[in-house]
Structures are given as structure tokens and as C-alpha cells.
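Peer 1: Structure, please.
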Amino acid sequence: MAEEKVLRYKKGRIRLDEFGILHTDYHEGIELNLADAKEDVKRSKRLSNGKKVPQIVYLDKVKKISMLAKQYFAGKESAKVWSAIALLAKSPLSRTVGNLFLKVNKPACPAKMFSDKEKAMTWLKGFL
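Peer 2: Numbering: from 1, shown residues only. Model prediction:
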């Protein structure tokens, strides 16, 4: 198994686990804009050494994601870095926001909403 790598920054942290899956976890009440989205993709690319990898995003603490950030996260530049995206949300509001993101933005890589982390991880392992 590979060594786990973590990158902490102002709005949260991204870690690459021993399997090669990225985990993005934001601080409570965070709002994300386009610049944040671009930086998150760059951080992901840096942690994965440029290798395309699956990612799990923990949505429950996120307060707001701008329309431009959502479009960027769903776009071609992100799909060059992420092989698949699992959105993890347990709260009904976060699940609604995540499902709306998937319907409206139609991510360029496989993406799916989950409320169970183990199911999300099992699904993501299919994209390693």
C-alpha cells in the first residue's frame, strides 16, 4: 500500500489515501467560488502526481458553491484530474444540493451521490 498524503489549506484539506483515492473535506460553513474550484483541482493534481484518480467530496459542511465553481468542478479540466467523483452527504439539504449539481451540471467524469461512505468507496475503487 502507498503512503497517505495530506494537503491542508485555508478552506479544508485534501488527502490521497493508501488506495489512491482523494478525499476532499471542507471546514464548516465554507463558501466556494471559481478561484477555489481551480485551486482544488490543482491541489488534487499535485497530490496525485498528475495521475487521474477518483475523488470523494464530503459535502455536509459546505455552505455554498458558486455557479461558476460548480461548472468548473463538472468540466473538462477537472475530468483530466478525477476519474470519478463520489459526493458524500448525510444531511437532506446537502443531498438535495448534490443531486441538483449532478442533474444540472452533468459532470464530465462519472459522478454519483452517496449517503454511505463505504458504498462510495466501493464504487470509487472501480475507477482506480
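
Peer 1: Please enumerate the helices of the protein.
Peer 2: For the chain, the helices defined by DSSP state H occupy 34-47, 67-74, 76-79, 92-105, 117-125.

Peer 1: Spatially nearest residue to the residue nearest the centre of the chain (excluding sequence neighbours)?
Peer 2: Centroid-nearest residue in the chain, with C-alpha atoms, centre = their mean: residue 57, separated by 3.6 Å. Counting by C-beta to C-beta, 6 or more residues apart in numbering, residue 57 lies nearest to residue 24, which is 4.7 Å off, once chain neighbours are set aside. (C-beta placed from N, C-alpha, C; glycine too.)

Peer 1: Just the C-alphas of the helix or strand of the chain with the lowest mean pLDDT, formatted as CSV.
Peer 2: Sorting the helices and strands of the chain by mean pLDDT, DSSP states H and E puts helix 92-105 at the bottom, at a mean of 90. Extracted C-alpha coordinates of helix 92-105, given in CSV (Å, rounded to 0.1, in the frame of the first residue of the first chain):
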residue,chain,number,x,y,z
PRO,A,92,-31.1,16.1,3.5
LEU,A,93,-30.2,19.6,2.4
SER,A,94,-26.7,18.6,1.3
ARG,A,95,-28.1,15.6,-0.5
THR,A,96,-30.5,17.8,-2.4
VAL,A,97,-27.7,20.2,-3.3
GLY,A,98,-25.5,17.4,-4.5
ASN,A,99,-28.3,15.8,-6.6
LEU,A,100,-29.1,19.1,-8.2
PHE,A,101,-25.4,19.6,-9.0
LEU,A,102,-25.4,16.2,-10.8
LYS,A,103,-28.5,16.9,-12.8
VAL,A,104,-27.8,20.5,-13.8
ASN,A,105,-24.0,20.4,-14.3
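
Peer 1: Kind regards, and thank you for your time.
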